[in-house]
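Engineer: Predicted model follows, preceded by the sequence.
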Amino acid sequence: MRFFVAQMFRFAWAEAKSCAFAVALFAGLAASSVLPLPIPRYDALLVYAVAVAVIFRALRWESSQETAVVAAFHVVGLAFEMIKVRLGSWSYPEDAYTKVGGVPLYSGFLYAAVGSYVCSAWRIFSLRLVAYRTVPVALMALAIYVNFVSQHWWIDLRIPLAVVLVLVTWGTVVHFTVGEHRYQMPLALSFTLIGFFLWVAENIATYLGAWQYPYQRETWQLVHPAKFGAWALLVSVTFVMVASWQASQGRLHQPTSTPGEAGRVGRRQRRRPRGR
């Protein structure tokens, strides 16, 4: 039991480190909702988000390559926001100098925070994949991204796409490290878990006024539970982008251990300190 509790604490601490960029952004959102600011709030958040990114790079909490990947997520997310806001899916009600098409430029950092989490988790947990189907999963991620826009003019294929995504990731396993021990989890389950916590984060963000849905204009309400599924799908887009980069660095696939290595790993994982 002590070993289980210790591993849970190690896992929680590793997750907290992976979420550092997102936590910093949420701290800025919370502070900006109560503190007087010399400039419009959305503009202040943009300055703050850029400063956070610079500090993370200066402290080497993120590598230059990770920073570049996060910047790519900012651009992709900003383009997505401009389309969805124009279609009326949600809005940014406050005024700002740095709004383009009704979208404040800081909003791209909210997507960048998701990208930062996946990049950091990949490094901190030493993520590796087994039986990952690169092309089918990438095509599904692209179809999911397109569907989030095309559903406004055509039918919503969210459920069929979710079914196909499960099929193309069936048998794909994520290996990760906690302490000195390796564990594994189905890739589809990881999408689901991340999607749930993103839905929780979205509730906090809308409560802090980061953006608002039409049904939240009069008074704040819980974000519709259907958004949980939407986030689980959208995570696949983030994952594919990070996985493509990790593949170029040779950090995508779980290496096959030799029989001798497997035996040593097995003995190390079975070993327990005395008294446990």
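Structural biologist: Noted; the coordinates are in hand.
Engineer: so which strand or helix has the nearest residue to residue 62 once chain neighbours are set aside?
Structural biologist: Counting by CB to CB, 6 or more residues apart in numbering, residue 62 lies nearest to residue 56, which is 4.8 Å off, once chain neighbours are set aside. Where you see a C-beta, it was placed from the backbone N, CA and C, and this is true even at glycine. Assignment of secondary structure by DSSP states H and E places residue 56 within helix 41-58.
Engineer: Surely residue 182 and residue 174 touch.
Structural biologist: No. Contact criterion CB atoms under 8 Å: residue 182 and residue 174 do not qualify, at 10.8 Å.
Engineer: okay, the angle between the helix or strand that residue 25 is a member of and helix 41-58?
Structural biologist: Using DSSP H and E, residue 25 falls within helix 20-32. Interaxial angle of helix 20-32 relative to helix 41-58 (axes from the mean of the first three to the mean of the last three CA atoms, to 10 degrees): 150 degrees.
Engineer: helices or strands up against helix 20-32?
Structural biologist: On a contact count with 3 or more CB pairs under 8 Å, 6 or more residues apart in numbering; DSSP states H and E, helix 20-32 meets helix 41-58, helix 108-124, helix 187-207.
Engineer: 6 Å - rerun?
Structural biologist: Here helix 20-32 touches helix 41-58, helix 108-124, going by 3 or more CB pairs under 6 Å, 6 or more residues apart in numbering; DSSP states H and E.
Engineer: Can you name the next helix or strand after the last one?
Structural biologist: Counting by DSSP H and E, the next helix or strand C-terminal to helix 108-124 is strand 128-130.
Engineer: Flag the helix or strand of this structure with the lowest per-element mean pLDDT.
Structural biologist: Scoring the helices and strands of the chain by mean pLDDT, DSSP states H and E places helix 259-270 at the bottom, with a mean of 43.
Engineer: for the residue most central in space within the chain, what are its contacts?
Structural biologist: Taking CA atoms, centre = their mean, the centroid of the chain lies closest to residue 114, which sits 2.9 Å from it. By CB atoms under 6 Å, 6 or more residues apart in numbering, residue 114 lies in contact with residue 238.
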